[in-house]
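> Please find the sequence and the predicted model below.
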Amino acid sequence: MSFGQIPYDVAHLLGGGMLLSGFVLLYQRRLAAMTGAFAAQGALLALAVAWQGFIQEEPGLFISALVAAAVKAVLIPLALRAFILRLGLQRRVEPGLGIGASLIAGVALVALACLVVLPATAGAAALLREDLAIALSVVLLGLLMMVTRRHAIGQVVGLLSLENGLVLAASGVQGMPLVVEIATAALVLVLAGVAGFFVLLLRERFESLDLSLLHRHRGEGE
């Protein structure tokens with residue numbers, strides 16, 4: 001299978017769309033737009049996994065695609081939006097690293113992924129090698145988002161995007177058991193939920209502590 005054949009081209013189109021959505025996530029400053037971009041990445045992941053199931057003739061991958069579509073494209077984005085509205089979080093957040101610097105770092109990480117994966121998989125099929133390079137790029141972009149975002153929601157979205165890259169890599173390896181994919185996805189989702197909860201809890205505690213100290217100083221000044 002090589003360039004110019006429909007299975008090869010469609011697989012790369014969907015993988016490239018996921019990679020592009022990773023850069024869109026790095027670019028976003030508004031929480032609503034960030035959750036929308038993550039939903040789009042989840043939809044692309046579901047299509048990519050379903051296409052791999054068609055190429056490999058593996059029915060289990062179609063189940064993984066349905067799970068990804070329901071959880072990543074619908075349930076998690078809706079839960080994040082409800083979480084943002086319920087807590088009254090800021091709609092616009094500034095990343096710890098500038099947008100331009102984040103995008104440049106993202107391009108460097110994609111180049112690093114290609115330099116690592118392509119030589120290491122020289123004996124494998126072309127589609128598998130390039131799919132793994134794209135998947136590793138998505139993983140590294142999610143990791144970069146976790147590092148550069150100050151807001152807990154942005155860090156959680158980065159962790160979930162990282163997990164999308166892992167699922168994309170698992171689906172590209174022929175014969176990968178469905179149970180491994182689901183177990184990996186469930187584990188990372190639990191870690192993401194716990195990490196987001198504790199980060200938000202600590203932030204609320206520190207903000208309430210700062211406000212109480214401010215009121216105390218005002219009372220002593222009067």
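Yep, it's here. Numbering: from 1, shown residues only.

> Every contact and neighbour count from this point should use C-alpha atoms.
Fine.

> Give me the residue ranges of this protein where confidence is low.
Counting by pLDDT under 70, the chain shows low-confidence ranges at 1-4, 87-96, 123-124, 126-127, 174-222.

> all helices in it, in order from the N-terminus.
6-27, 31-56, 59-70, 76-87, 99-120, 126-148, 152-172, 178-221 (DSSP state H).

> Adding mean neighbour count as columns, could you present the ones you listed in TSV?
Shown next, in TSV, are the helices of the chain (neighbours: other C-alpha atoms under 10 Å):
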stretch	mean neighbour count
helix 6-27	20
helix 31-56	22
helix 59-70	19
helix 76-87	15
helix 99-120	15
helix 126-148	23
helix 152-172	25
helix 178-221	13
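
> Could you pull up the residues touching residue 141?
If a contact means C-alpha atoms under 8 Å, 6 or more residues apart in numbering, then residue 141 has 22-23, 26, 106, 109-110, 158, 162 as its contacts.

> export these to TSV and tack on distance to residue 10?
Formatted as TSV, these follow (distance: C-alpha to C-alpha, whole Å):
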residue	distance to residue 10
22	19
23	20
26	25
106	24
109	24
110	20
158	26
162	22
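
> Would you check which pair of those lies furthest apart?
110 and 158 (15.8 Å; C-alpha to C-alpha).

> and residue 97, how many neighbours does it have?
The tally of other residues near residue 97 (other C-alpha atoms under 10 Å) stands at 15.
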